[in-house]
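# coords please:
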Amino acid sequence: MRAIRVTGNGGPEVLEVAEVDRPSPEPHQLLVRVAAAGVNFIDTYQRSGVYSMTLPFTPGSEGAGEVVATGSAVTGFAPGDRVAWAMSPGSYAEHALVDATKAVHVPDGIDDRTAAAAALQGMTAHYLITSTYPVRTGETALVHAAAGGMGLLLTQLIKARGGIVVGTTSTAEKERIARDAGADEVIRYTEADVAEQVRELTDGRGVDVVYDGVGRTTFDGSLASLRPRGVLALYGAASGPVEPVDPQRLNSAGSVFLTRPSLAHHILTRAELEWRAGEVFQWIEDRALRISVGGSYPLAEAQQAHRDLEGRRTTGKLLLEP
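Below is the predicted model:
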């Protein structure tokens, strides 16, 4: 089978198409024919070496497809089942081994592309707005990169909970996309100081929560945008990791709270995984949540997918379709 292999850390050029043996599942694994694999910033961190991985490896931690074989100890799944997964490595391939504890059944009303696009980011958005900071009616959230895959999901879910969304984007077209998703206000960070604009929009109070997946370039502005005792949920680092932070800065910003959450710690049990995935899929089926696929690439164009993602030339979710 074909798979993307990384034999040395570096830029997108290290993503190489290789012919490899199709694997056989271990007792607790599923062998899945991959219909679509999600492209996420965590893949770029692993590829570049920011997140350490044992070399060589096949990137991709999210996808959807059809089970073709099951390990001897697997229960609840059978060949022919359609499944989706997140936080299971090796998805940039025609076939992937998926830990059965990380897989969920895909409802009949959801196609494979949508399921793949919703798995990792959908559950991430779910834990951010239900567990990290449950937005309440009338509260204001700052959502960075509001036209990206995560930004569009967060915007829709915050609005569904009665919240007010201030989004940031870089262009007029991305502003339009963010507003179409429900953003109440949009700040073009290329043209204005985000924190100053937030203060103007909130009559000097600041926002209740900042959902920041960008990191280094937005962190200072995120802190400066919070109300006293507000929450900064730093869930990613698309622009690079944040420098070490003196805790006194949290005091100076108004006794604010800083958290660095991850999906892995929010799907620790089977019950929690099924709850989060189940609600995301139900929202999609009820048309309460729209999944926007901004780009789809064949496996051989994985390098371009990473270039487009890191270059912020995309909106919505990116997929590889083997």
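# What is the lengthiest strand in the chain packed up against?
Longest strand of the chain, by residue count under DSSP state E: strand 29-39. The contact analysis (3 or more CB pairs under 8 Å, 6 or more residues apart in numbering; DSSP states H and E) places strand 29-39 against strand 62-70, strand 82-86, strand 95-99, helix 112-127, helix 302-310, strand 317-320. In short, each C-beta sits where N, CA and C put it, glycine included.
# Kindly point out the strands partnered with it and how each is oriented relative to it.
Here strand 29-39 has these sheet partners by DSSP bridges: strand 62-70 (antiparallel), strand 95-99 (antiparallel), strand 317-320 (antiparallel).
# and the following helix or strand past that strand, what other elements does it pack with?
The helix or strand immediately downstream of strand 29-39 is helix 41-48, counting by DSSP states H and E. Identification of packing neighbours for helix 41-48 by 3+ CB pairs under 8 Å, 6+ apart yields helix 302-310.
# Okay, buried residues for the longest strand of the chain please.
Using 16 or more other CB atoms under 10 Å as the test for burial, strand 29-39 gives 29, 30, 31, 32, 33, 34, 35, 36, 37, 38, 39.
# Closest to residue 240 out of these?
Among the buried residues of strand 29-39, residue 39 lies closest to residue 240 (CB to CB), at 18.4 Å.
# Now the strand or helix carrying residue 196: buried residues?
Per DSSP H and E: residue 196 is located in helix 194-201. Going by neighbour count (16+ other CB under 10 Å), the buried part of helix 194-201 is 194, 195, 197, 198, 199, 201.
# For the third one, report the pLDDT, please.
To tie it back to what came earlier, the one meant is residue 197. pLDDT for residue 197: 98.
# Check the gap between it and residue 236 for me.
Applying CB to CB, to the nearest Å, the value for residue 197 to residue 236 is 22 Å.
# circling back: mean neighbour count, the strands paired with strand 29-39: which tops it?
Ranked by mean neighbour count, those are led by strand 317-320 with a mean of 26 (mean count of other CB atoms under 10 Å).
# Return the residues in contact with the spatially most central residue of the chain.
Nearest to the mean C-alpha position of the chain, by CA atoms, centre = their mean, lies residue 121 at 3.3 Å. Counting by CB atoms under 8 Å, 6 or more residues apart in numbering, residue 121 makes contact with 38, 40, 62, 149, 150, 153, 317.
# The fifth one belongs to a helix?
Yes: assessed with DSSP: H, G, I helix; E, B strand; the rest coil, residue 150 lies in a helix.
# mind listing the strands for the stretch 201-322 of the chain?
If DSSP state E, counting those that start in this stretch is used as the criterion, the strands of the stretch 201-322 of the chain fall at 207-212, 226-234, 257-259, 293-297, 317-320.
# hey, C-alpha coordinates of the longest strand of the chain in CSV?
The C-alpha atoms that make up strand 29-39 are tabulated as CSV, following Å, rounded to 0.1, in the frame of the first residue of the first chain:
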residue,chain,number,x,y,z
GLN,A,29,-6.5,-2.9,16.7
LEU,A,30,-8.6,-2.3,13.6
LEU,A,31,-7.2,-2.3,10.1
VAL,A,32,-9.1,0.4,8.3
ARG,A,33,-9.2,1.3,4.6
VAL,A,34,-8.8,5.1,4.9
ALA,A,35,-11.4,7.1,3.0
ALA,A,36,-10.1,10.5,4.3
ALA,A,37,-7.5,11.7,6.7
GLY,A,38,-7.6,15.0,8.5
VAL,A,39,-4.7,17.4,8.2
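# could you check the angle helix 302-310 makes with it?
Orientation of strand 29-39 against helix 302-310 (axes from the mean of the first three to the mean of the last three CA atoms, to 10 degrees) gives an angle of 50 degrees.
# got the angle between strand 29-39 and helix 112-127?
Using the same axes, to 10 degrees, strand 29-39 lies at 80 degrees relative to helix 112-127.
# What about the closest residue to residue 292 other than its chain neighbours, how many residues nearby?
Leaving aside its sequence neighbours, residue 292 sits nearest to residue 316 (CB to CB, 6 or more residues apart in numbering; 3.4 Å). Residues contacting residue 316 under the criterion other CB atoms under 10 Å number 21.
# Sweet, I'm off.
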